[in-house]
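In: kindly return the folded structure for what I paste below:
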Amino acid sequence: MKKVLWKAIIAMAGGLVAMTLVLTPGCKQKEEKATLRISCWAGYAKPYEADFKALVKDKYQVDVELSIHNPTDQDEFFLAVKDNTADLISPPIELPKTPRFYSFEESQPYLQPVDINNIPNLKKMLPVFRNDTTPIYNGRRYGVPYNCGPYGLAYNADQVKTAPDSWNVLWEPQYAGKYTINNNFPKVNAWIAALALGYSYDDIFDIDKLDRAKIQQRLDLLAQNAKSLWDGAANPDEFPELALATTWGFAAQQANLKGGNWLLAAPKEGGTAWIDCWYIGAGAKGLTKQLAEEWINFMLAEKQQVDVVKSQGVSPVIAEIGEELSAKEKAMFHVGDNDYFKTVALWRVMTEETEEAFDAMWQEAKKHRE
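Out: Numbers count the residues shown, from 1 in each chain. Down below sits the predicted model:
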């Protein structure tokens, strides 16, 4: 009986060792297949799929398949981790702490902390991003910043000869019907309306600090005079017909790649900037979680961070890029410029009352397009 029991223990131990070896970089004892489910904004995963598969195959002897879904609305990120249909998501940094998307309930958390030991490239990150406490909960890091961009004011330099210096340009009569603005993030339009009226960064994230009637009047005109409203990202194919556009940066870059001459203005009132983060769903376990952390580290590598500028037209989060970018690109996208990011209002968690107010105000404003 003792011999049988001892053999069973040895067999079990051997199985555990084999499993450990599968998860150990460089191990060649066993090959395994895995699937990593990624829900991310378009362009954040598909272009890098082949390189990541090769990295995982070489490092872990694992054949990984990527199941990639591209939402157009941030609600989909929350639902993906709530329903355990994604292992990785790439929402705005503040989303998991936003009241209606709160993801840290102790009885049923929708996210899990990352093991920073598996993300060594985190050390390369600019302090302004690395020290942001938004993705920290109970002293542990849940989110890892990936890129950063403005809700920016872009202008067609072929049509607008002098760079606009104020958000108020969007309300000038000569540009009625000649600009496009975001539709599915109502808060960003409320913010620029408030900035145009002279409110400060400390005011714009709290409806109680704003004159709602004045903001509503501005939003009504903004919606009424827009040529189009965009969800997800602005349509670069429309840009040749436009003089102005609000953009995350992506569309202006794509329009320029198609022969356009679009630049980003620097409104004197300032502006807001989003940070997109990688978060790991609570359902990712074992090898899946480790590969999710490997993906995050991979996306912070220099090659992928260069592509944040070249393909996405927004700012990378690591401090040093090397010589892959031109001086113009580095200046335009504030590469490595920690001080610059202190001058913009990085998106903040707002109260449910403020979120609901901005949503209702935007719905009211869109009625003026009917």
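In: residue 338: neighbouring residues, count only.
Out: The local packing of residue 338 (other C-beta atoms under 10 Å) involves 13 other residues. To be clear about C-beta, it is placed using only N, CA and C from the backbone, and glycine gets the same treatment.
In: could you shift the numbering so residue one becomes 44, and keep it that way?
Out: Right, with 44 as the first residue, what we last looked at is residue 381.
In: now stretch 121-131: buried residues?
Out: With burial defined by 16 or more other C-beta atoms under 10 Å, the residues of stretch 121-131 counted as buried are 121, 122, 123, 124, 125, 129, 130, 131.
In: is the fourth one in a helix, a strand, or coil?
Out: By that I understand residue 124. Under DSSP: H, G, I helix; E, B strand; the rest coil, residue 124 falls in the helix class.
In: thought residue 327 was touching it, still the case?
Out: No - contact criterion C-beta atoms under 8 Å: residue 124 and residue 327 do not qualify, at 9.3 Å.
In: for residue 288, list the residues it contacts.
Out: The neighbours of residue 288, taking C-beta atoms under 8 Å, 6 or more residues apart in numbering as the test, are 196, 197, 198, 222, 223, 224, 277, 282, 294, 295, 305.
In: so where's the stretch 44-193 of the chain uncertain?
Out: Judged by pLDDT under 70, the stretch 44-193 of the chain has its weakly predicted residues at 44-74.
In: how about residue 233, what does it touch?
Out: Residue 233 sits in contact with 247, 253, 258, 262, 401, 404, 405, where contact means C-beta under 8 Å, 6+ apart.
In: then the fourth one would be within a helix, right?
Out: Yes - the secondary structure assignment for residue 262 places it in a helix, going by three-state DSSP.
In: so how many other residues sit close to it?
Out: Residues near residue 262, counting by other C-beta under 10 Å, number 24.
In: that one contacts residue 405, correct?
Out: Yes - Residue 262 is within contact range of residue 405, at 6.3 Å (criterion: C-beta under 8 Å).
In: please identify every residue contacting each of those two.
Out: 232, 233.
In: any chance you could map the helices in the stretch 144-293 of the chain?
Out: Per DSSP state H, counting those that start in this stretch, the stretch 144-293 of the chain carries helices over the ranges 170-173, 229-239, 244-247, 255-268, 293-300.
In: for the fourth one, name the packing helices and strands.
Out: Helices and strands in packing contact with helix 255-268 are listed as strand 222-225, helix 229-239, helix 395-409; criterion 3 or more C-beta pairs under 8 Å, 6 or more residues apart in numbering; DSSP states H and E.
In: pull out the buried residues from that helix.
Out: 258, 259, 261, 262, 263, 264, 265, 266, 268.
In: export those as TSV, with columns for pLDDT and distance to residue 169.
Out: Output for those, formatted as TSV (pLDDT from 0 to 100; distance: C-beta to C-beta, whole Å):
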residue	pLDDT	distance to residue 169
258	98	32
259	98	37
261	98	33
262	98	33
263	98	39
264	98	37
265	98	32
266	98	35
268	98	37
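In: now do the lengthiest strand in the chain and helix 229-239, the angle between them.
Out: Counting residues, the longest strand found in the chain (DSSP state E) is strand 315-324. Angle of strand 315-324 versus helix 229-239, following axes from the mean of the first three to the mean of the last three C-alpha atoms, to 10 degrees, is 160 degrees.
In: what's downstream of strand 315-324, the next helix or strand?
Out: Of the helices and strands lying after strand 315-324 in sequence (DSSP states H and E), the nearest is helix 329-342.
In: tell me what angle that next one forms with strand 315-324.
Out: Using the same axes, to 10 degrees: helix 329-342 against strand 315-324 is 150 degrees.
In: what sits up against helix 329-342?
Out: Contacts to helix 329-342, defined as C-beta under 8 Å, 6+ apart, come from residues 65-66, 75, 77-79, 81, 87, 91, 94-95, 98-99, 102-103, 105, 107, 130-131, 155, 157-158, 161-165, 187, 189, 321, 323, 327, 347-348.
In: and these, which are buried?
Out: 65, 77, 79, 81, 87, 91, 95, 98-99, 103, 105, 107, 130-131, 155, 157, 162, 164-165, 187, 189, 321, 323, 327, 347-348.
In: what about the strands in the stretch 144-293 of the chain?
Out: Secondary structure of the stretch 144-293 of the chain (DSSP state E, counting those that start in this stretch): strands at 154-155, 179-180, 183-184, 186-193, 195-199, 222-225, 271-273, 287-290.
In: now, of those strands, which is deepest in the fold?
Out: Stretch with highest mean neighbour count among those: strand 287-290 (a mean of 26; mean count of other C-beta atoms under 10 Å).
In: quick one: strands adjacent to that strand?
Out: Partners of strand 287-290 in the sheet, by DSSP bridges, are strand 195-199 (antiparallel), strand 222-225 (parallel).
In: ok, the contacts of residue 288 vs residue 367, which is closest?
Out: Nearest to residue 367 among the contacts of residue 288, counting by C-beta to C-beta, is residue 295 at 20.4 Å.
In: need the pLDDT of the closest one.
Out: You'll see residue 295 listed with a pLDDT of 87.
In: neighbours of it, how many?
Out: Counted with other C-beta under 10 Å, residues neighbouring residue 295 total 24.
In: can you pull the domain assignment for this structure?
Out: Under automatic domain parsing, the residue ranges defining each domain of the chain are 44-68, 74-190+318-381, 195-313+389-412.
In: fine by me, we can end here.
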